[in-house]
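Trainee: turn this into a structure:
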Amino acid sequence: MKVAAFLGSPRVGGNTELLLRESLRAVEEAKHQSEFFRLNDMDIRPCQNCGGCDETGVCVIEDAMEDVSRAIRGADRVILASPIFFFGLSAQAKIMIDRCQAFWCEKYLLKRAIFPGPFGRRGLLLLVGGMKKEIGIRCSETTAKAFFRTVSVPEHETLGFLGVDAKGVIREHPSALADAYRAGKALVEVS
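Mentor: Just a heads-up that it's a prediction; the model follows:
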């Protein structure tokens with residue numbers, strides 16, 4: 001089983017990355033392949049809404065999104081991890097999601113969804129934010145749900161942690177890292 005993991009946080013070793021690494025630890029302990037993308041370090045241009053993918057399902061921009069698209073296409077499981085900024089996903093996560101317009105065209109205009117493979121396709125959304133209001137999780141999850149469905153991931157679990165801001169403070173949360181590990185383990189279980 002292949003897992004594509006996308007870190008949308010600009011903060012190296014921060015709360016979002018700690019959660020994602022725990023999920024990936026469970027995946028790797030179960031002897032599954034994972035591919036990790038630190039979106040902040042990648043050269044991904046924003047979607048230009050040019051219509052270049054309308055008839056082909058292939059983006060005309062040539063950049064690091066080609067690696068992301070290849071990983072999404074070949075994955076059985078997709079993990080998206082993002083801090084919550086202003087009630088939404090980070091810019092790093094959102095730029096990647098916006099560039100998935102090519103997948104949207106492929107699926108909805110050209111009627112060629114990604115084949116689910118022998119394990120089906122499932123996702124995991126990891127969110128962490130300093131605010132205490134649930135609306136940050138709800139708004140972020142709405143965007144993430146559109147992303148997951150566009151890349152033919154029909155179901156996903158969401159873990160969201162609020163009131164977590166300072167770097168590394170997620171370690172002090174009573175269950176966050178254990179929850180992320182459990183979610184990673186559950187993600188790769190075959191029912």
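
Trainee: so for this protein, the centremost residue is which one?
Mentor: Nearest to the mean C-alpha position of the chain, counting by C-alpha atoms, centre = their mean, stands residue 80 at 1.8 Å.

Trainee: can I get the CA coordinates of the helix or strand harbouring it in PDB?
Mentor: Assigned by DSSP states H and E, residue 80 belongs to strand 77-85. The C-alpha trace of strand 77-85 is given here as PDB (Å, rounded to 0.1, in the frame of the first residue of the first chain):
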ATOM      1  CA  ARG A  77      -4.000   6.600   1.000                       C
ATOM      2  CA  VAL A  78      -3.600  10.400   1.100                       C
ATOM      3  CA  ILE A  79      -2.700  12.400   4.200                       C
ATOM      4  CA  LEU A  80      -3.000  16.200   4.300                       C
ATOM      5  CA  ALA A  81      -1.700  18.000   7.400                       C
ATOM      6  CA  SER A  82      -2.100  21.700   7.800                       C
ATOM      7  CA  PRO A  83      -2.100  24.400  10.500                       C
ATOM      8  CA  ILE A  84      -5.200  26.500  10.600                       C
ATOM      9  CA  PHE A  85      -4.600  30.100   9.600                       C
END
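
Trainee: just checking, what packs against that strand?
Mentor: The helices and strands touching strand 77-85, judged by 3 or more C-beta pairs under 8 Å, 6 or more residues apart in numbering; DSSP states H and E, are strand 2-7, helix 15-29, helix 91-98, strand 122-129, helix 135-150, strand 155-162, helix 176-187. Just so you know, the C-beta spots here come from the backbone N, C-alpha and C atoms, and that holds for glycine as well.

Trainee: if you set the cut-off to 6 Å instead, what comes out?
Mentor: strand 2-7, helix 15-29, strand 122-129, helix 135-150 (3 or more C-beta pairs under 6 Å, 6 or more residues apart in numbering; DSSP states H and E).

Trainee: what comes into contact with the longest one?
Mentor: So the one you mean is helix 135-150. Helix 135-150 is contacted from outside by 80, 84, 87-89, 97, 100, 103-104, 123, 125, 127, 129, 156, 158, 160, using C-beta atoms under 6 Å, 6 or more residues apart in numbering.

Trainee: which among these end up buried?
Mentor: 80, 84, 88-89, 97, 100, 103-104, 123, 125, 127, 129, 156, 158, 160 (16 or more other C-beta atoms under 10 Å).

Trainee: buried sites along stretch 41-50?
Mentor: Buried residues in stretch 41-50, counting neighbours by 16+ other C-beta under 10 Å, are found at 42, 44, 47.

Trainee: now swap in stretch 61-69 and tell me
Mentor: By neighbour count with 16+ other C-beta under 10 Å, stretch 61-69 contains the buried residues 61, 64, 65, 68, 69.
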